[in-house]
Every structure is written in C-alpha cells, then in structure tokens.
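>>> structure here, sequence nowhere to be found:
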C-alpha cells in the first residue's frame with residue numbers, strides 16, 4: 001500500500017451515488033484514501049437498503065485491505081445478530097476472524113522485550129488506522145463469542161477479547177494527542193472512530209447491573225453514561241467521516257430503544273428527532289432510519305404515525321426480510337397499546353410464522369392478546385387451550401443460549417391451564433413486563449381506556465373472590481397495573497397506595513411472586529420522581545435483594561440499575577458526595593476504575 005491519506009466521498013459523489021450504485025466499479029488499486037472512499041460507498045449502499053450490493057462491494061478486497069475487511073465483517077455480524085441462525089453466526093465468525101488477521105498484518109510490530117513508552121510519531125497512517133480497525137473487529141469477535149456458545153470457555157475468551165479491545169482503544173486515544181498528524185483528514189477519520197469506540201463502551205457498560213458487572217469483574221469493566229453519550233455526540237458531529245453515521249445510529253438506539261426497554265424511559269426524544277432529520281434527508285428511503293422515525297413516534301405515544309412509518313420502512317426494502325420482523329414487533333406493540341387486540345394478535349402470528357427467534361415467545365404473545373378479546377366463543381376457548389398447551393414444547397436454544405422470556409412464557413402457559421383456562425388481563429401484563437407503560441403514560445387517550453379495563457377486571461375479581469383460589473395473584477397484578485396508570489395520570493398518592501396493596505397481599509400470592517419486587521421497584525421509582533431519595537433508595541434496595549423468586553429477575557435488575565443511576569445523578573447535582581458514596585456502598589458496587597481498563601473522563605481525546 002502507498003502512504004495513507006484519509007478521504008471520504010465528497011458531496012458530488014454522494015449526490016450521484018444513490019442512482020448510480022450499480023455502475024460503480026471496484027477499484028483496481030488500494031491505498032488508505034481509496035479504502036476509505038470504498039468503505040464510505042459501501043456504508044451508503046447499506047444505509048440505502050442495498051445490503052447485498054454493499055457486501056459485494058467490499059468482499060473482493062476483504063482479504064487484503066483492513067477497512068474492506070472491517071466493513072465486510074460488520075455486515076456479516078449485523079446479519080448474524082438479526083437472525084441468530086447458526087449458519088449466519090458461523091459465517092460472521094469466519095469473516096471477523098479474517099478481518100482481525102488483515103488488521104493485525106498492518107499493525108505496528110512492537111518487540112515484547114521493549115518496555116519504553118511507544119513513540120507514536122514512528123507509526124505510519126497505515127499502522128494507526130489498522131490499530132483502530134483491530135479494536136473494532138475485536139469487539140465484534142467478542143460479541144459473537146457470547147452468542148455463539150454457552151460454555152464458560154467461550155465466555156472467558158469473549159471477556160478477554162473485550163479487555164484486549166479496551167487496551168487497543170486506549171492506545172488509539174493516546175495516538176490522537178501524542179502523535180504528530182500530517183494529514184488533518186486522516187486524524188479526523190481516526191478520531192471519529194475512537195470516539196465511537198470509547199462512547200459505545202462507556203454507554204454499554206454503564207447500563208449493566210451490578211450483578212452482571214461482578215460476573216465480568218475479571219475483565220475490569222467500568223462505564224460512564226454521560227461520558228459515553230458526549231463522546232458519541234462528538235463523533236456524530238464529525239461530518240464526512242466513516243463512523244459519523246454509526247455514532248448517530250448508536251445514539252438513536254440508546255435514546256429510542258434501550259432507555260425505554262431496560263431503563264426508566266428517560267431517553268432524549270427531542271435530541272433524537274434532531275439528529276435523525278439529516279439522516280432521513282440523506283437516506284430518505286433507508287429502512288433503518290425510517291424504523292427509527294417510527295420508533296420515535298412510538299415512544300411519544302403517537303401510535304398511528306408510528307405504524308405508518310414502520311410500514312414505510314417495511315416497504316422500502318425486500319433484501320433482508322429479518323429487518324421486517326423488527327418492524328412487525330413494533331407495530332404489534334402499537335396495536336397492543338391501543339388495545340386493538342385482534343391486530344396485535346395478527347402481528348404476533350406473522351412473527352410466529354416467519355421469525356426464527358423465539359416461537360414460544362411469539363406463541364405466548366398471540367395467545368395472551370387473544371385472551372383479551374371479550375366474550376370468547378367456545379371455539380376460541382378450545383383454540384386457546386391448544387395454543388397454551390403447545391408453548392412448553394416450543395422452547396428452544398439459539399446459538400447455545402436459552403431465551404429468558406421463554407421460561408416466563410412457559411410458566412404463564414402452565415398457569416393458564418392450572419387456573420381453568422384463564423389468565424387475568426395478560427395483554428396488559430405483557431405491556432408492563434416489556435416496559436410499555438412509560439410510553440403509554442404520555443397519552444391520556446391511551447391510558448384512560450386501559451385504566452377502565454383494569455377497574456372493570458378488579459370488580460369481576462372481587463365479586464368472584466370466594467371461588468377464586470388464585471385471588472391473591474389476580475389482585476396483586478391488577479393493583480400493580482392500576483398503580484402504573486394512576487402514576488402516569490398524576491395521581492401519585494393513589495398510585496402509592498396501589499403499589500403498597502401489592503406488598504400487603506404478598507402472603508396470598510401463590511404463583512406470581514415477581515409482582516412483589518416489581519411493586520417495590522415501582523414505589524422506589526415513584527419516590528425518586530418526587531425527589532424523596534431516602535424512601536426511593538430503601539424500596540429499590542428491597543426490590544434488588546428480594547430472594548423469594550427469580551421470575552423476570554434480570555428485567556427487574558436492569559430497571560433498578562437505571563433508577564439507581566438516576567438517583568446518583570440527582571445526588572451529584574446536589575453536591576452530596578457522601579450520599580453518593582453511601583449509595584455505592586449500599587448496592588455493593590465495585591469500583592473497577594483502578595484496575596486500569598476503564599476508559600473514563602481523564603482518558604478521552606481532547607477537543
């Protein structure tokens with residue numbers, strides 16, 4: 001290769017690219033400048049739904065050019081992550097292994113006997129960019145190891161590769177400040193990649209509950225959410241760089257999906273709309289960004305607009321049908337939020353037939369939504385019996401892993417049969433379990449009908465109390481869901497009473513003990529919203545330490561962790577460092593930063 005000079009597709013190239021993608025010829029020579037141009041074209045192809053064309057674009061050079069190898073491995077990794085099919089995982093593993101080999105060939109060769117600090121001015125542009133690509137490939141390889149097999153050896157190997165990835169990113173961070181950069185464009189491309197890596201690591205690891213962090217302690221993880229978001233935003237603002245759109249995608253994923261799915265729903269929707277707008281202008285038919293447009297409508301409780309955008313995303317491409325399934329999943333929930341149970345059931349049926357992810361989950365969703373339809377016919381009841389009876393046999397392992405939610409779905413299916421072919425408002429329970437109330441709560445038009453349905457069910461359950469051997473289970477579920485409705489309708493005192501009603505009937509609960517720690521957590525979050533931090537801490541810790549059941553425990557701990565992070569930020573803003581230290585001690589949070597592997601505020605690139 002010749003001297004490395006970074007470059008990206010200029011505005012004229014981008015303008016002509018979308019219509020002329022099929023005529024673009026693969027380059028016959030390859031240096032860094034050309035490799036970056038080719039990689040940018042491949043990314044544009046990918047974001048414009050030409051997934052297979054993007055793969056063909058980079059495949060010929062994937063065995064010799066590390067940027068082509070990285071792009072090829074990334075496409076294969078995304079496909080594996082979307083399908084979880086063994087053949088796609090195996091293909092991705094081989095592609096990423098090849099990427100690592102290609103990157104390694106171009107990295108700086110340092111003698112193991114040399115103990116002095118490296119002189120980064122002796123590194124060529126080839127070597128510094130190869131180091132960055134190597135770090136990105138290591139992360140992909142580690143994540144593939146976690147989904148490839150369940151055995152402990154792969155788990156340890158995956159953790160060690162993440163540790164190596166951390167070290168590579170730290171090395172890259174030092175290169176930004178301590179190397180004399182001749183080409184400012186090369187530095188800009190490099191820096192955007194470092195910000196993407198550091199930002200993503202901090203954000204990802206900051207979301208992991210203490211229990212999981214302890215499990216991975218040997219790797220030396222630490223994470224700072226605010227730092228992660230700031231780094232990703234800086235990377236996003238570095239326009240005309242290869243990784244700017246990737247920074248945007250990670251940010252959109254966090255604010256519109258992760259923060260609602262496993263957090264307290266505190267994603268910045270206005271910011272997300274702002275950063276999504278230029279992406280839609282650049283890729284108006286891009287399925288990925290149309291999906292995010294739909295998702296942002298969903299989290300604002302604009303369900304009709306959300307469905308329209310998600311259908312637009314589905315219709316925009318037919319190459320990767322697996323991406324349709326993600327949209328179907330979102331549309332299903334939009335109908336569930338509107339209590340249109342027949343339409344929700346229809347989309348669960350589509351997922352059951354087409355998706356290979358989790359048949360047991362889809363079957364339970366379909367059956368639970370069907371249970372919500374009033375006045376079922378005799379044929380419907382027989383159909384429900386058949387559907388619930390089949391769920392245990394649908395349990396599967398994907399890439400060596402069992403799916404946690406399937407265990408709960410099987411438990412609920414058995415509970416349906418045990419209760420004489422009935423469940424209590426299972427559709428609304430599902431909305432709660434999948435964290436939908438923090439979305440519905442933004443619309444009284446959605447929330448009021450749900451509260452009316454809950455009140456109606458409560459009256460029926462109370463009237464049949466004497467003959468209902470599972471009254472405690474039914475009552476506790478109803479009061480938990482009622483409390484959620486009242487909370488979002490600004491009736492906080494009544495919500496508090498409802499949550500405490502769940503705790504008071506704990507001894508009457510026979511099967512659904514998960515309701516107790518979740519009610520504790522909801523009380524803690526309610527007090528947190530009211531700035532009653534002492535009470536919030538007490539209830540959150542009670543929920544965290546509840547030992548009588550493991551049902552949905554991971555989901556519970558993610559919510560508690562997110563709430564604890566919010567509490568910590570409130571205490572920091574108040575300047576109460578003693579309370580922050582006490583909170584860390586209370587949740588038994590290990591300080592991993594002194595182990596040398598955390599990337600924190602003192603080790604980020606300077607502006």
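Nice, thanks for sending it over. This one's a predicted model, so the numbers in the text were calculated from it and none came from an experiment.

>>> just list the residues touching residue 321, thanks.
residue 354 (C-beta atoms under 8 Å, 6 or more residues apart in numbering). No exception for glycine: its C-beta is placed from N, CA and C like everyone else's.

>>> hmm, I was thinking of residue 505
By C-beta under 8 Å, 6+ apart, the residues touching residue 505 are 472, 475, 476, 479.

>>> just give me the closest of these to residue 368.
Lowest distance from residue 368 to these (C-beta to C-beta) belongs to residue 476, with 17.8 Å.

>>> that older thread, could you dump the contacts of residue 505 to JSON lines with neighbour count, distance to residue 579 and pLDDT?
Putting the contacts of residue 505 into JSON lines (neighbours: other C-beta atoms under 10 Å; distance: C-beta to C-beta, whole Å; pLDDT from 0 to 100) gives the following:
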{"residue": "472", "neighbour count": "20", "distance to residue 579": "37", "pLDDT": "96"}
{"residue": "475", "neighbour count": "22", "distance to residue 579": "36", "pLDDT": "97"}
{"residue": "476", "neighbour count": "26", "distance to residue 579": "32", "pLDDT": "97"}
{"residue": "479", "neighbour count": "23", "distance to residue 579": "31", "pLDDT": "98"}
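
>>> distance to residue 183 and secondary structure for those - can I get that in JSON lines?
As requested, the contacts of residue 505 are exported to JSON lines (distance: C-beta to C-beta, whole Å; DSSP: H, G, I helix; E, B strand; the rest coil):
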{"residue": "472", "distance to residue 183": "70", "secondary structure": "helix"}
{"residue": "475", "distance to residue 183": "69", "secondary structure": "helix"}
{"residue": "476", "distance to residue 183": "64", "secondary structure": "helix"}
{"residue": "479", "distance to residue 183": "64", "secondary structure": "helix"}
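
>>> which single one of these is nearest to residue 165?
Nearest to residue 165 among those is residue 476, at 44.4 Å by C-beta to C-beta.

>>> is it true that the closest one touches residue 515?
Yes. With contact defined as C-beta atoms under 8 Å, residue 476 reaches residue 515; the gap is 4.4 Å.

>>> intersection of neighbour lists for those two?
Common neighbours of residue 476 and residue 515 (C-beta under 8 Å, 6+ apart) are 502, 509.

>>> helices of the stretch 251-400 of the chain, start to end?
Counting by DSSP state H, counting those that start in this stretch, the stretch 251-400 of the chain has helices at residues 259-261, 269-282, 287-299, 303-315, 321-337, 341-354, 359-371, 378-390.

>>> and the last one, what's buried?
Spelled out, it's helix 378-390. 384, 387, 388 (16 or more other C-beta atoms under 10 Å).

>>> name the helices or strands packed onto it?
On a contact count with 3 or more C-beta pairs under 8 Å, 6 or more residues apart in numbering; DSSP states H and E, helix 378-390 meets helix 359-371, helix 404-418.

>>> count of neighbours near residue 353?
When neighbours are defined as other C-beta atoms under 10 Å, residue 353 has 9 of them.

>>> tell me how far it lies from residue 196.
For residue 353, the distance to residue 196 equals 37 Å [C-beta to C-beta, to the nearest Å].

>>> ditto for residue 226
Taking C-beta to C-beta as the measure, residue 226 falls 17 Å from residue 196.

>>> same deal with residue 489?
Counting by C-beta to C-beta, the gap from residue 489 to residue 196 is 41 Å.

>>> who has more neighbours out of those two?
Between residue 489 and residue 196, counted using other C-beta under 10 Å, residue 196 has the larger neighbour count: 27 against 15.

>>> in the strand or helix carrying the more buried one, which residues are buried?
Using DSSP states H and E, residue 196 falls within helix 184-206. For helix 184-206, the neighbour count (16+ other C-beta under 10 Å) marks 185-206 as buried.

>>> repeat for stretch 349-364
349-352, 355, 357-364.

>>> check stretch 457-467 too.
457, 458, 461.

>>> in contact with the last one, which residues?
Taking C-beta under 8 Å, 6+ apart as the definition of contact, the neighbours of residue 461 are 424, 468, 471, 474, 475, 478.

>>> do the second one as well
If a contact means C-beta under 8 Å, 6+ apart, then residue 458 has 475, 478, 482 as its contacts.

>>> repeat the analysis, applying 7 Å as the threshold.
Each residue near residue 458 by C-beta atoms under 7 Å, 6 or more residues apart in numbering is listed here: residue 478.

>>> in what element of secondary structure is it found?
Per DSSP H and E, residue 458 falls inside helix 444-463.

>>> re the thing from before, between the contacts of residue 461, which is closest to residue 380?
residue 424 (17.2 Å).

>>> do you know the pLDDT at that closest one?
Residue 424 carries a pLDDT score of 96 in this model.

>>> please apply the same query to residue 588.
Residue 588 is assigned a predicted lDDT (pLDDT) of 58.

>>> same deal with residue 169?
pLDDT, read off for residue 169, is 89.

>>> ditto for residue 161
70.

>>> can you tell me the centre-most residue of the protein?
The residue lying closest to the centre of the chain (C-alpha atoms, centre = their mean) is residue 258, at 4.5 Å.
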